[in-house]
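Let's see this in three dimensions:
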Amino acid sequence: MTPLLSRVLTALLLLAVFVPAALWAPAWLWAALMAGVVGMAAFEWARLSHFPLHAARAYAVLLAAVALALPHLLGALWPAFQTGLILLAVAFWLVVAPLWLLGRWHAERPFVRAATGVVLLLPTFVALLFLHGRGPGVLLAVIAIVWIADTAAYFSGRRFGRHKLAPAISPGKTWEGVAGALVALVAYAGGLALLAGMPLLSLSLMVAGLLYLSVLGDLFESWIKRVSGMKDSGAMLPGHGGVLDRIDALTSTLPVATGMLMWLERTA
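Numbering: from 1, shown residues only. So this is what the prediction gives:
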């Protein structure tokens, strides 16, 4: 089986599981499934950070358990805590992550890596719950931005890629791939504008901003893998690597998209 075919088949299998879950799973089951994803990604992050195996397992179990328990433990305080986590993620992705990449930080101390993993994964879990609560259509429409960008960048980069985007971080990514992703997302924004009756310019600017965050999330994980001396975060998903490899762009886009939606709801 070729790498491309393996990649496509794995993506189709993931879609066959994820989309029905997003559409029909009750809130408690959705939360349990997403906590499981957080746990798997947390384990891979811990291994990228060279935690010992037992510590990586404990970190993964603890983070998944905290994610699942927090809404119930906090009760009426959960919405405020949820907003706080989203704001933390927005600050990380708009300020800290770009500086991290520009400064080529290694940040290999276990505490720093453990805290960074929390900032990466817990707000993503919050965003997945929040968007699902607003309706499966809202959740899938936001996630589709990352899926479309990733797919278009992959194929346009393979076909036209000449100019490296960030060769010191991820040699395979090209400006042509980003351009292909942008074209695909503007077309997607046009479709959303027709369906939702929203201004095309506003939607185009929004998806362009989320494309930037998608690329940033991808590059951030690529840098961590380079520092760690690992090609993939894991081997669970043939053609894609690990769970963290599959959701790296979601960790940056979903919390910020959720923050946008929270702001729109409060100002409407």
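
Spit out the contact partners of Ala25.
For Ala25, the contacting residues are Leu33, by Cβ atoms under 8 Å, 6 or more residues apart in numbering. From N, CA and C alone the C-beta is placed, and that goes for glycine too.

measure it to Leu201 for me?
Applying Cβ to Cβ, to the nearest Å, the value for Ala25 to Leu201 is 35 Å.

and the longest strand seen in the chain, which strands flank it?
Under DSSP state E, the strand in the chain containing the largest number of residues is strand 170-174. Strand pairing for strand 170-174, using DSSP bridges, gives strand 164-166 (antiparallel).

ok, residues contacting the partner strand?
By Cβ under 8 Å, 6+ apart, strand 164-166 touches Leu101, Pro171, Lys173, Thr174, Trp175, Gly177, Val178, Val215, Leu219, Ser222.

Buried ones in it, by neighbour count?
Of the residues in strand 164-166, Leu165, Ala166 count as buried by neighbour count, 16 or more other Cβ atoms under 10 Å.

ok, now stretch 42-53?
Ala42, Phe43, Glu44, Trp45, Ala46, Arg47, Leu48, Ser49, Phe51.

distance between the ends of that stretch?
12 Å (Cα to Cα, to the nearest Å).

and it, average pLDDT?
What stretch 42-53 shows for mean pLDDT is 94.

Now the closest residue to Asp245 other than its chain neighbours, what are its backbone angles?
Distance criterion Cβ to Cβ, 6 or more residues apart in numbering; nearest residue to Asp245, sequence neighbours excluded, is Ser233 at 5.0 Å. Backbone torsions for Ser233, taken as degrees, to the nearest 10, come to phi -80, psi -20.

Tell me, how many residues neighbour Ser233?
Ser233 has 27 neighbours, counted by other Cβ atoms under 10 Å.

Might one say that Phe155 is in contact with Gly180?
Yes: at 7.0 Å, Phe155 and Gly180 qualify as touching, with contact defined as Cβ atoms under 8 Å.

more crowded one of these two?
Neighbour totals were compared for Phe155 and Gly180, and Gly180 leads with 23 against 15 (other Cβ under 10 Å).

Now do the same for Gly217: helix, strand or coil?
helix (DSSP: H, G, I helix; E, B strand; the rest coil).

Report pLDDT for it.
Looking at Gly217, the pLDDT reads 95.

Show the contacting residues for the closest residue to Tyr59 other than its chain neighbours.
Using Cβ to Cβ, 6+ apart and skipping the chain neighbours, the partner closest in space to Tyr59 is Ala46 (4.6 Å). By Cβ under 8 Å, 6+ apart, the contact list for Ala46 reads Ala55, Ala56, Tyr59, Ala60, Arg113, Ala114, Gly117.
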